[in-house]
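Novice: Predicted structure and sequence below. I'll ask about it afterward.
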Amino acid sequence: MIKAAVFDLDGTLLDTIPDIAGALNRALAAQGLPTHTVEACKTFIGGGIREAVRKAVPAGTSDEMQEKVLACYKDDYRARCTEGTSYYPGVREMLSELSAAGLLLGVLSNKTEATAQKIVHSYFPDVKFAFVFGRAEGRPLKPDPGAAAPVLETLGLPPEEIAYAGDSGTDITFALGVGMLPIGAPWGYRSRRELADRGAQLLPESPAELAAQLLARAQG
C-alpha cells in the first residue's frame with residue numbers, strides 16, 4: 001500500500017527549463033562560450049547542475065572554466081528562477097487530490113536545496129509538503145540511493161510504501177535502487193521509451209492519471 005508520494009521537481013511538477021536554459025546560456029556567454037537551444041538544454045539536466053555544465057561546455061573545456069560557468073549560473077539562476085517557469089497542466093489538481101486522500105507529499109530534487117524550496121514555495125504555497133529536499137553539503141545526489149536517507153527519516157515509512165515520480169532515467173534508477181515504486185512522468189524532458197527502458201512501473205499519460213493510479217495503490 002502506498003502512503004506517500006515524492007516527486008522530482010524539474011520536468012515533473014514544473015516546466016523549469018526556460019529559467020534553467022536562460023541562466024545556463026547567460027553563464028556560458030559571459031565566459032565567451034557557445035550557447036544552446038532550450039531543447040538541447042533539456043538533455044543536459046537530471047544529474048545536477050555541475051553535470052549539466054559539463055555537458056553544455058565544449059569538449060576539452062578546462063575544469064577552471066567549468067567552475068566559472070557554474071558559479072555564474074548559480075548566481076543568475078538563484079535570482080531569476082521563477083521568471084519563466086510554468087505549471088504542467090493538472091499538477092496542482094493532482095497534488096490537491098493526493099493530499100485530500102491522506103497521502104504524505106514531498107519533493108526530492110538535485111537542485112540546490114534553497115533554490116528548490118524557493119521555487120516550490122512560490123508555485124505551490126498552499127500544498128502541505130512534508131519536505132522539499134535538494135542538493136546539500138554531504139548529501140549524495142540521485143541516482144545514488146543515499147539521497148533517500150532524509151526522505152525515509154522524515155516520512156518514517158519503509159521504501160515500499162513510497163512512490164517516487166520523475167521524468168528521467170536518473171529518477172527511475174534512483175527509485176528502483178531505494179525500493180520505492182518508480183513512476184515515470186513522460187510529460188517532462190525525457191521520452192516514454194527512456195523511462196520504460198529504465199524500469200518505470202507506472203507511466204501515466206497525465207498528472208490526473210498519475211493521481212488515479214496512486215490512489216488505487218493507496219487503497220491497497
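Specialist: Perfect, I can see it now.
Novice: The longest strand along the chain: partners in the sheet, and parallel or antiparallel?
Specialist: Ranked by number of residues, the top strand in the chain under DSSP state E is strand 104-112. Note on strand 104-112: by DSSP bridges, its sheet partners are strand 4-7 (parallel), strand 131-135 (parallel).
Novice: now the first one: how far from the chain's centre is it?
Specialist: Just to be clear, that refers to strand 4-7. 12 Å (Cα atoms, centre = their mean, to the nearest Å).
Novice: same deal with stretch 54-62?
Specialist: 23 Å.
Novice: can you list contacts of the longest strand of the chain?
Specialist: 3-10, 13, 46-49, 74, 78, 95, 98-99, 116, 119-120, 127-135, 141-142, 147-148, 151, 154-155, 157, 164, 170 (Cβ atoms under 8 Å, 6 or more residues apart in numbering). Using the backbone N, CA and C atoms, a C-beta is placed for each residue, glycine as well.
Novice: Go through the residues you listed and flag which are in helices.
Specialist: 49, 74, 78, 95, 98-99, 116, 119-120, 151, 154-155, 170 (DSSP state H).
Novice: Just name the closest of these to K68, please.
Specialist: K74 (11.1 Å; Cβ to Cβ).
Novice: which intervals of the protein have sub-threshold pLDDT?
Specialist: 220 (pLDDT under 70).
Novice: any idea how it splits into domains?
Specialist: 4-15+86-218, 17-80 (automatic domain parsing).
Novice: What strand or helix carries the residue of the chain most remote from its centre?
Specialist: Distance from the C-alpha centroid of the chain, by Cα atoms, centre = their mean, peaks at G32 (29.1 Å). Counting by DSSP states H and E, no helix or strand carries G32.
Novice: swap in the one 3 residues further on?
Specialist: With the criterion set as DSSP H and E, no secondary-structure element contains T35; it sits in neither a helix nor a strand.
Novice: E93 should be in a helix, yeah?
Specialist: Yes. The assignment for E93, made by DSSP: H, G, I helix; E, B strand; the rest coil, places it in a helix.
Novice: Identify the residues contacting it.
Specialist: E93 makes contact with P207, A208, A211 under the criterion Cβ under 8 Å, 6+ apart.
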